[in-house]
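Chemist: structure of the sequence below:
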Amino acid sequence: MRFIPLSLLLLIASPLAAQQMGSVNRNAPTASQGIAFTSGSGLSISYKSITWADGKSMGNLERMRDYINKQAVSKPLGSITVKGDDVRLGGKKLAAGSYKMAFTLDEELNWHLGAYGGEQGESHIDWPLKLKEGKSSSSRLVITMTAGKDDTQARIRIAFGKNSCSLTAVTGPRQKKAKKN
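Modeler: Okay, here's the model as predicted:
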């Protein structure tokens, strides 16, 4: 009689949700944040706060890239919702509506944030993330939203492990002043 290692049985038996990266994230907490601008517009983000090797390593990204990217639309990590006026996020227009939110990797293995509209992701907006290594570390994906320097702006910070970046969200008549981050 041949024995199959328990770890292999668990891998076969557990459904893998691509953007959630395996069974360790099956019960990952969902986090949500939003901001209501004084104009009446709003922006909200909801996502699974996944971990990847407890935030210590992102592993072999080259090997995982195709798998991660193929699952972005069908198994997104979260959602982005814009209410009222359009928002410029990281210098790109995000029209009012609801979007699937996922992370992808480009050919150089740089992370991107994507917003996908429609059932099949027909409309797609992509933000290359200019991640910088910092001193503090997070074992889970963290997305925070804070009010910006005036009543038309917000700051979205994305962090995982020791890497983080931020995007500026702008609504209302001053949208053209949004920084590309």
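Chemist: who's in contact with the residue lying closest to residue 111 once chain neighbours are set aside?
Modeler: Of all residues not flanking residue 111 in the chain, residue 129 sits nearest, at 4.7 Å (Cβ to Cβ, 6 or more residues apart in numbering). No exception for glycine: its C-beta is placed from N, CA and C like everyone else's. Residues near residue 129 by Cβ atoms under 8 Å, 6 or more residues apart in numbering: 110-113, 158, 165.
Chemist: dump the residue contacts of the nearest residue to residue 94 once chain neighbours are set aside.
Modeler: Counting by Cβ to Cβ, 6+ apart, residue 87 is the residue found nearest to residue 94 once chain neighbours are left out, at 5.0 Å. Residue 87 makes contacts with 41, 43, 93-94, 169-171, 175, as judged by Cβ under 8 Å, 6+ apart.
Chemist: now go through those and say which are in strands.
Modeler: Among these, the members falling in strands (DSSP state E) are 43, 93-94, 169-171.
Chemist: can you put those residues in JSON lines and add distance to residue 30 and neighbour count?
Modeler: Formatted as JSON lines, those follow (distance: Cβ to Cβ, whole Å; neighbours: other Cβ atoms under 10 Å):
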{"residue": "43", "distance to residue 30": "17", "neighbour count": "22"}
{"residue": "93", "distance to residue 30": "27", "neighbour count": "12"}
{"residue": "94", "distance to residue 30": "21", "neighbour count": "21"}
{"residue": "169", "distance to residue 30": "21", "neighbour count": "25"}
{"residue": "170", "distance to residue 30": "27", "neighbour count": "23"}
{"residue": "171", "distance to residue 30": "25", "neighbour count": "30"}
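Chemist: what's the farthest-apart pair in the residues you listed?
Modeler: For these, the maximum inter-member distance is 12.9 Å, found between 43 and 93 (Cβ to Cβ).
Chemist: which phi and psi does the residue nearest to residue 94 have?
Modeler: When read as degrees, to the nearest 10, the backbone of residue 87 gives phi -120, psi 140.
Chemist: if I look at it, how far off is residue 106?
Modeler: Noted for residue 87: a distance of 24 Å to residue 106, by Cβ to Cβ, to the nearest Å.
Chemist: repeat that for residue 132.
Modeler: 17 Å.
Chemist: could you dump the top helix by length along the chain to CSV, C-alpha only?
Modeler: For the chain, the helix with the greatest residue count under DSSP state H is helix 61-70. What follows is helix 61-70, C-alpha atoms only, in CSV (Å, rounded to 0.1, in the frame of the first residue of the first chain):
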residue,chain,number,x,y,z
LEU,A,61,6.7,35.3,-8.4
GLU,A,62,7.9,34.4,-11.9
ARG,A,63,6.4,30.9,-11.5
MET,A,64,3.2,32.3,-9.9
ARG,A,65,2.7,35.3,-12.3
ASP,A,66,0.5,33.6,-14.9
TYR,A,67,-1.6,31.9,-12.3
ILE,A,68,-2.2,35.2,-10.4
ASN,A,69,-3.0,37.2,-13.5
LYS,A,70,-5.4,34.6,-15.0
